[in-house]
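Enquirer: 3D model of this:
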Amino acid sequence: MPARIPATVVTGFLGAGKTSLVRHLAEHAGGRRLAFLVNEFGDQGVDREVLTGCGIAGCGEDEVVELANGCICCTVADDFLPAMRRILAREPRPEHVLIETSGLALPKPLVQAFNWPDVRAELTVDGVVAVVDAEAVAAGRFAPAPAALQRLREGDPAIDHETPLEELFEEQVACADLVLVNKADRVDGAARAEVEAAIRRDARPGVQLVWIEHGRIDPAAALGLAVGAEDDLASRKSHHDDGAPHDHDDFASVVFELPAMADPAAFAARLEDVVRRFDLLRVKGFVAVDGKAMRHVVQAVGPRIERYYDKPWAAREARRSALVVIAERDKLREIEAIRAALMEAAPA
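Expert: Reported below is the predicted structural model:
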């Protein structure tokens, strides 16, 4: 029988750098035929567009499949399996599959799906790679530093439950075969020990941590792990191993339509204030800039803004400004206030 095709599951929270990692691996594939499956939380995909717009050979429209409007961990039977059948039906067949999960997805249910007979016969999980935002961990985004958390709990015995962000962080790290601690350039030496300690609390024994910047790593270190993770589910502990239901009711996604704008730099500066004011987890999308033939990518992870022109608007593509905003559900109750703030930040 022909060898099974290896698949790498890339997990990690919103904005950790998963798409940057996938782009880097695609750019340095060394002629290896890759296929990409990208999962988005919300009904408007951005990450697939970012990948196909990067201009990297082998990363075009035909190679990248998108699953939008839901987390892959909750839609395995309905979405993941049909998507994998489409990928496996290609000629020539891919030599490696990269699966980028939503930042809100649990990786273990996806790994379990590789034991389905029609998947197991043709694919194996080469490894689960968790991308961690070092700066966000250092800032206590997922949980306070251990000493601070202990002080909080000593002062208030009720502080024993985990936040939704903390649980997601634990699930993603606990399933990993390799943890890439991204944005190393944003964390100084004094904070690195705290970040590593936070990761080690949840990582399985012996899992390697590698500090990287901008999603860059030698592909030989991330691909070809040959773990066969679907055969090692018992060691990947999950809060849902007892059958407890998993849903994403704690988080929500909204798409905001904006006008074309003349000054994207001024918009980015104002967007930072909007993100801080409403505590938005993630903002990403495309902006139409007056007088420019290229679309402008805007991404925010917390208040940190990244923006650049990626490719010309396609002939049949509507020139529109649209941003996907993801936040904890209670923060999006002020949806009209957020809409008004974004409109004010983006004057025509």
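Enquirer: which ones are touching the most centrally placed residue in the chain?
Expert: The C-alpha lying nearest the average C-alpha coordinate of the chain belongs to Gly103 (C-alpha atoms, centre = their mean; 3.8 Å). Gly103 makes contacts with 12-16, 18, 41, 282, 326, as judged by C-beta atoms under 8 Å, 6 or more residues apart in numbering. Every C-beta, even on glycine, is put in place using the N, C-alpha and C of the backbone.
Enquirer: can you do 6 Å?
Expert: Listed by C-beta atoms under 6 Å, 6 or more residues apart in numbering, the contact partners of Gly103 are 13-14.
Enquirer: Equivalent analysis for Ala268, please.
Expert: So Ala268 contacts 305, 307 (C-beta under 6 Å, 6+ apart).
Enquirer: now do 7 Å
Expert: Applying C-beta atoms under 7 Å, 6 or more residues apart in numbering to Ala268 gives the contacts 298, 305, 307.
Enquirer: returning to what we had before: tell me which element the residue nearest to the centre of the chain is part of?
Expert: Here Gly103, judged by DSSP states H and E, is contained in no helix and no strand.
Enquirer: returning to what we had before: show me just the buried residues among the contacts of Ala268.
Expert: The neighbour count (16 or more other C-beta atoms under 10 Å) marks 298, 305 as buried among the contacts of Ala268.
Enquirer: In strands, which of the contacts of Ala268 appear?
Expert: With DSSP state E as the criterion, strands contain 298, 305, 307 from among the contacts of Ala268.
Enquirer: Could you single out the nearest of those residues to Glu170?
Expert: Ile305 (28.2 Å; C-beta to C-beta).
Enquirer: sec struct for the closest residue to the closest one other than its chain neighbours, please.
Expert: Spatial nearest neighbour of Ile305, excluding adjacent residues (C-beta to C-beta, 6 or more residues apart in numbering): Ala268 at 4.5 Å. Assigned by DSSP: H, G, I helix; E, B strand; the rest coil, the conformation of Ala268 is helix.
Enquirer: Can you check the pLDDT for Ala268?
Expert: On pLDDT, Ala268 comes in at 93.
Enquirer: what's the spacing between it and Ala300?
Expert: Using C-beta to C-beta, to the nearest Å, Ala268 is found at 8 Å from Ala300.
Enquirer: One more: Ile326?
Expert: Relative to Ala300, Ile326 is positioned 10 Å away (C-beta to C-beta).
Enquirer: which residues do those two both contact?
Expert: Arg282.
Enquirer: Output the lowest mean pLDDT helix or strand found in the protein.
Expert: helix 146-155 (a mean of 52; mean pLDDT, DSSP states H and E).
Enquirer: For whatever helix or strand comes next after it, name the packing helices and strands.
Expert: Using DSSP H and E, the helix or strand that follows helix 146-155 in sequence is helix 164-174. The helices and strands touching helix 164-174, judged by 3 or more C-beta pairs under 7 Å, 6 or more residues apart in numbering; DSSP states H and E, are strand 123-133.
Enquirer: try 10 Å this time
Expert: strand 5-11, helix 107-113, strand 123-133, helix 134-138, helix 189-200, strand 251-258 (3 or more C-beta pairs under 10 Å, 6 or more residues apart in numbering; DSSP states H and E).
Enquirer: want to try CSV for these, with mean neighbour count and mean pLDDT as columns?
Expert: CSV is the format used below for the helices and strands packed on helix 164-174 (neighbours: other C-beta atoms under 10 Å; pLDDT from 0 to 100):
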stretch, mean neighbour count, mean pLDDT
strand 5-11, 25, 96
helix 107-113, 22, 91
strand 123-133, 26, 97
helix 134-138, 23, 93
helix 189-200, 15, 92
strand 251-258, 18, 89
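Enquirer: can you put the ones you listed in JSON lines and add distance to Glu95?
Expert: Output for the helices and strands packed on helix 164-174, formatted as JSON lines (distance: least, C-beta to C-beta, whole Å):
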{"stretch": "strand 5-11", "distance to Glu95": "7"}
{"stretch": "helix 107-113", "distance to Glu95": "20"}
{"stretch": "strand 123-133", "distance to Glu95": "11"}
{"stretch": "helix 134-138", "distance to Glu95": "31"}
{"stretch": "helix 189-200", "distance to Glu95": "31"}
{"stretch": "strand 251-258", "distance to Glu95": "33"}
